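Engineer: Kindly return the folded structure for what I paste below:
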Amino acid sequence: GTAILQSSQTATGWHRVLVINAGKVELSGINIAYGGGLSINGGNVQLYNCNIHSNTATFGGGAYIDDGIVTFTDCSIYSNTADNYSGSGYSGNDGGGLRINGGNVQLDNCNIHSNTATYGGGAYIGGGTVTFNGCNIYSNLADYGGGVFILSGTVTFTSCNIYNNQAEGYGGAAYIQGTGTKVMFTNCKIYWNSADYYGGGAYISGNKVTFTNCEINGNEAAGNGGGAYIYGGRVTFTNCEISGNEAAGN
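Structural biologist: Next up is the predicted model:
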């Protein structure tokens, strides 16, 4: 059967539908919806075939992960919002679908879509080791990093599709910055993303970013860098196709 966890409350800071601080926890076939989502602060947590949707929190609308070993398999994270509503007392607005601050987090064959935030519509990554395998990240919206916003940590994307995300500022698919950041894209497709300013596909000012066997096609920027806008860091493209991208600026 399917278990449903839901609440009528928006999460202010740490207040969530489900909070896990320690132990070994397995969740299968769970719907976490219409509240403040999930918070994981430690332990070994495995989620299978779960839906996390329609939640609102000041940060990490769908899920907030601060520490622990966490695995999402065949999960959908969608229609969540990171919203610093009036009187919350938190700066918030980071990570519509997910906010990851630390730990070891792996997402296998997951769909992350239709989430909204100021920073990182689909996901905001502020630390830890994070791996996306065979994931689809699409139709998310943010001011910075429509698909993902990466501030710090080691982040790997393998065989992922990142498409149709929108940034109302910079980085349609991804916004990557930070002096200690290491980000690797392998066999990924980044397409149909858009930014109202720079970096339709990606905006990069991070330390080390590599693209290997990737396709970056059909992205748009109203300013500069239809495919990618590189402002700093060490960026390497190997056996990649970058084509059909458009920028109204330079």
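Engineer: how about the most centrally placed residue in the chain, what does it touch?
Structural biologist: Closest residue to the average C-alpha location of the chain: residue 123 at 1.8 Å, with C-alpha atoms, centre = their mean. Residues near residue 123 by C-beta atoms under 8 Å, 6 or more residues apart in numbering: 95, 97, 98, 99, 100, 112, 137, 147, 148, 149. (Each C-beta comes from the backbone N, C-alpha and C, glycine too.)
Engineer: what do you get for residue 156?
Structural biologist: 130, 131, 132, 183, 184, 186.
Engineer: secondary structure class for it?
Structural biologist: Using DSSP: H, G, I helix; E, B strand; the rest coil, the structure places residue 156 in strand.
Engineer: where's it relative to residue 186, distance?
Structural biologist: According to C-beta to C-beta, to the nearest Å, residue 156 stands 7 Å off from residue 186.
Engineer: Ok, residue 149 next?
Structural biologist: Distance, residue 149 to residue 186, using C-beta to C-beta: 20 Å.
Engineer: can I get the contacts of residue 156 in TSV with secondary structure, pLDDT and distance to residue 205?
Structural biologist: Output for the contacts of residue 156, formatted as TSV (DSSP: H, G, I helix; E, B strand; the rest coil; pLDDT from 0 to 100; distance: C-beta to C-beta, whole Å):
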residue	secondary structure	pLDDT	distance to residue 205
130	strand	98	19
131	strand	98	23
132	strand	98	21
183	strand	97	12
184	strand	98	17
186	strand	98	21
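Engineer: With neighbour count as new columns, can those residues be given to me in JSON lines?
Structural biologist: Putting the contacts of residue 156 into JSON lines (neighbours: other C-beta atoms under 10 Å) gives the following:
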{"residue": "130", "neighbour count": "25"}
{"residue": "131", "neighbour count": "17"}
{"residue": "132", "neighbour count": "26"}
{"residue": "183", "neighbour count": "26"}
{"residue": "184", "neighbour count": "17"}
{"residue": "186", "neighbour count": "15"}
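Engineer: Just the closest of those residues to residue 236, please.
Structural biologist: Nearest to residue 236 among the contacts of residue 156: residue 184, at 9.7 Å, using C-beta to C-beta.
Engineer: show me what contacts the closest one?
Structural biologist: By C-beta under 8 Å, 6+ apart, the neighbours of residue 184 are 155, 156, 157, 209, 210, 212.
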